[in-house]
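Q: Provide a 3D model corresponding to the input given below.
(chains A and B)
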Amino acid sequence: DTGVSQDPRHKITKRGQNVTFRCDPISEHNRLYWYRQTLGQGPEFLTYFQNEAQLEKSRLLSDRFSAERPKGSFSTLEIQRTEQGDSAMYLCASSLTSGTGTYEQYFGPGTRLTVT
Amino acid sequence: AQSVAQPEDQVNVAEGNPLTVKCTYSVSGNPYLFWYVQYPNRGLQFLLKYITGDNLVKGSYGFEAEFNKSQTSFHLKKPSALVSDSALYFCAVRGGEGGKLIFGQGTELSVKP
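A: Now for the predicted structure:
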């Protein structure tokens, strides 16, 4: 399978704990995006990387959230001191972007976070 | 600011009938528009996109979409619906040079036999 993969698929944690999610993009894709989706809503943009550089962060990304893409391949999203409001599906997507055009994003299956 | 609206929370269609899922957009400049489908507990699957060119865009699984600049719409269509098309459909617009997507709230499509 050469699609976008995410790990874990499900995470249940207690309020105040830290959690980390991993995303492995399609190998030749240079852009990687994180989104958050709550029930009944469309995904909301959190942040994106071009190669290893984090180029944009949403105001949704509070200082408890941090994302990295250290070698321009996989990415991690960490949430510190989780709150119940962090409960959501966290989606990762990747795309190939070059000077010749804009390409669609391919999404992983998501990590469903439940904070109790 | 870029935005999209999906005016219908749910669309019900009988199998074999044509279906339309509506989307309107608001952008500054030329719109880059996308449709995605989401099955339960799954990520989003790309269906089709409009960047430039023909107003009728063909995509995966027999879906197509019509770009209408004067009405700022990008409706998703299929000539003959299948029960397996039942899912959540999202319209999206590119939200800047970085390529982030701004999604509508989604439309749940239900196709009954």
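Q: for the most centrally placed residue in chain A, give me its contacts.
A: For chain A, the residue nearest the mean C-alpha position is residue A:34 (3.0 Å; CA atoms, centre = their mean). Residues near residue A:34 by CB atoms under 8 Å, 6 or more residues apart in numbering or on different chains: A:23, A:45-48, A:67, A:75, A:77, A:90-92. From N, CA and C alone the C-beta is placed, and that goes for glycine too.
Q: what's the neighbour count on the residue of chain B found nearest chain A?
A: Chain A sits closest to residue B:103 of chain B, with a gap of 3.1 Å, by CB to the nearest CB. Residues contacting residue B:103 under the criterion other CB atoms under 10 Å in any protein chain shown number 23.
Q: cool, residue A:71 as well?
A: Taking other CB under 10 Å as the definition, residue A:71 ends up with a neighbour count of 9.
Q: out of everything not next to it in sequence, what's closest to it?
A: Leaving aside its sequence neighbours, residue A:71 sits nearest to residue A:52 (CB to CB, 6 or more residues apart in numbering or on different chains; 6.4 Å).
Q: export the one helix or strand residue B:11 maps to to CSV, keeping only CA atoms.
A: Assigned by DSSP states H and E, residue B:11 belongs to strand B:10-14. Coordinates of each C-alpha in strand B:10-14 appear next as CSV, following Å, rounded to 0.1, in the frame of the first residue of the first chain:
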residue,chain,number,x,y,z
GLN,B,10,-28.6,15.6,3.3
VAL,B,11,-29.6,14.5,-0.1
ASN,B,12,-31.8,11.5,-0.7
VAL,B,13,-31.9,9.8,-4.1
ALA,B,14,-33.3,6.6,-5.5
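Q: that one packs against which elements?
A: Of the remaining helices and strands, those touching strand B:10-14 by 3 or more CB pairs under 8 Å, 6 or more residues apart in numbering or on different chains; DSSP states H and E are strand B:19-21, strand B:107-112.
Q: winner for burial among those?
A: Most buried of the helices and strands packed on strand B:10-14, by mean neighbour count (mean count of other CB atoms under 10 Å in any protein chain shown): strand B:19-21, with a mean of 20.
Q: quick one: the helix or strand just after that strand near chain A?
A: Going down the chain from strand B:19-21, the next helix or strand is strand B:24-26, by DSSP H and E. No - if you take CB under 8 Å from any CB of the partner chain as the test, strand B:24-26 misses chain A, and the best it gets is 13.3 Å.
Q: got a list of contacts for strand B:24-26?
A: B:1-5, B:7, B:31, B:33, B:71-74, B:91, B:93.
Q: buried stuff in it?
A: Buried residues in strand B:24-26, defined by neighbour count with 16 or more other CB atoms under 10 Å in any protein chain shown: B:24-25.
Q: what's the offset of that strand from the middle of its chain?
A: Strand B:24-26 sits 12 Å away from the centroid of its parent chain (CA atoms, centre = their mean, to the nearest Å).
Q: and for stretch A:65-82?
A: The answer for stretch A:65-82 is 8 Å, by CA atoms, centre = their mean.
Q: ok, now stretch B:64-72?
A: The answer for stretch B:64-72 is 11 Å, by CA atoms, centre = their mean.
Q: get me the contact residues on chain B for chain A.
A: B:32, B:34, B:36, B:41-46, B:49, B:51, B:90, B:92, B:94-96, B:98-106.
Q: what comes up buried for stretch A:73-85?
A: A:74-75, A:77, A:79, A:82.
Q: just the ones in strands from the residues you listed, please.
A: Members of these lying in strands (criterion: DSSP state E): A:75, A:77, A:79.
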